[in-house]
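Undergrad: This is the structure alone, sequence omitted:
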């Protein structure tokens with residue numbers, strides 16, 4: 001294989017854990033794992049570790065959980081690991097410029113869309129919501145902007161009429177590790193070809209809210225059906241019946257006009 005790289009991995013949810021799992025089988029050296037602090041969860045509000053922390057500890061990897069990477073002492077944690085590259089997947093914390101510049105090959109990010117379309121927090125849901133025919137993952141070199149870095153590698157997949165955010169999430173969680181491993185090989189070999197994003201093609205994937213998932217009856221049937229798939233499994237589309245909220249898991253578009 002190519003040169004074995006010293007890698008810092010930064011990520012938090014299951015989507016990120018799947019990428020870490022792939023890295024562990026890749027022959028590279030994971031020198032440290034950064035993930036968000038344990039959070040209260042469930043009815044008892046017990047502190048629960050992130051999926052990335054669970055996997056990292058199971059594999060005996062050093063785990064760091066700073067609340068922020070802005071303090072100098074937390075940045076020093078990164079510097080001390082002397083990494084070749086930092087891989088960031090749904091970490092949830094902002095990386096200051098100083099941290100971005102610490103690894104020899106910089107920091108790379110796995111983003112769940114075909115950039116420059118759908119920069120931002122909810123690319124999977126927004127691609128469904130907009131009726132896109134395809135989506136995918138982009139591996140990019142990180143800079144201080146919001147998903148504005150040069151693109152290193154892309155993999156695409158079609159969006160089917162049955163896809164929800166849940167099924168698309170799983171598809172991209174399979175594509176992402178493939179693209180990541182390929183990109184790391186290219187970085188190690190010096191064959192990566194960064195591509196600048198076309199700013200005229202940029203769209204933004206704003207964060208979802210529960211209120212946005214309320215059924216808007218002014219939309220067309222096709223738009224409503226897409227919204228219901230986009231908001232499944234979270235925050236779930238909903239409507240009110242006799243003053244009570246009712247969740248909507250699935251809908252179908254009927255071509256004929258019905259009478260009440």
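TA: Happy to help now that I have it. These numbers come from a predicted model, not from an experiment.
Undergrad: any idea how far residue 203 is from residue 186?
TA: 27 Å (C-beta to C-beta, to the nearest Å). All C-beta spots, glycine's among them, are computed from the backbone N, C-alpha and C.
Undergrad: same thing with residue 211?
TA: When C-beta to C-beta is applied, the distance between residue 211 and residue 203 equals 22 Å.
Undergrad: of those two, who's got more company?
TA: Neighbour comparison, residue 211 and residue 203: the larger count goes to residue 203, with 16 against 8 (by other C-beta atoms under 10 Å).
Undergrad: List the residues that contact that one.
TA: Under the criterion of C-beta atoms under 8 Å, 6 or more residues apart in numbering, the neighbours of residue 203 are 116, 117, 118, 119, 126.
Undergrad: can we see that at 7 Å?
TA: 117, 118 (C-beta atoms under 7 Å, 6 or more residues apart in numbering).
Undergrad: so how far is stretch 27-44 off the chain centroid?
TA: On the basis of C-alpha atoms, centre = their mean, to the nearest Å, stretch 27-44 sits 15 Å off its chain's mean C-alpha point.
Undergrad: For residue 23, what is the enclosing helix or strand?
TA: According to DSSP states H and E, residue 23 maps onto helix 14-24.
Undergrad: ok, then the element right after that helix?
TA: Using DSSP H and E, the next helix or strand after helix 14-24 towards the C-terminus is strand 29-34.
Undergrad: contact partners of the helix or strand that comes right after that next one?
TA: Counting by DSSP H and E, the next helix or strand C-terminal to strand 29-34 is strand 39-41. Contact partners of strand 39-41, identified using C-beta under 7 Å, 6+ apart, comprise 46, 47, 48.
Undergrad: Of those residues, which belong to strands?
TA: Under the assignment DSSP state E, the contacts of strand 39-41 contribute 46, 47, 48 to strands.
Undergrad: Let me have those in TSV, adding distance to residue 155 as columns.
TA: Output for the ones in strands among the contacts of strand 39-41, formatted as TSV (distance: C-beta to C-beta, whole Å):
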residue	distance to residue 155
46	38
47	36
48	31
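Undergrad: Which one (most neighbours) among those residues?
TA: Result: residue 48 is most packed of those (other C-beta under 10 Å), 13 neighbours.
Undergrad: Could you pull up the residues touching that residue?
TA: Applying C-beta under 7 Å, 6+ apart to residue 48 gives the contacts 38, 39, 41.
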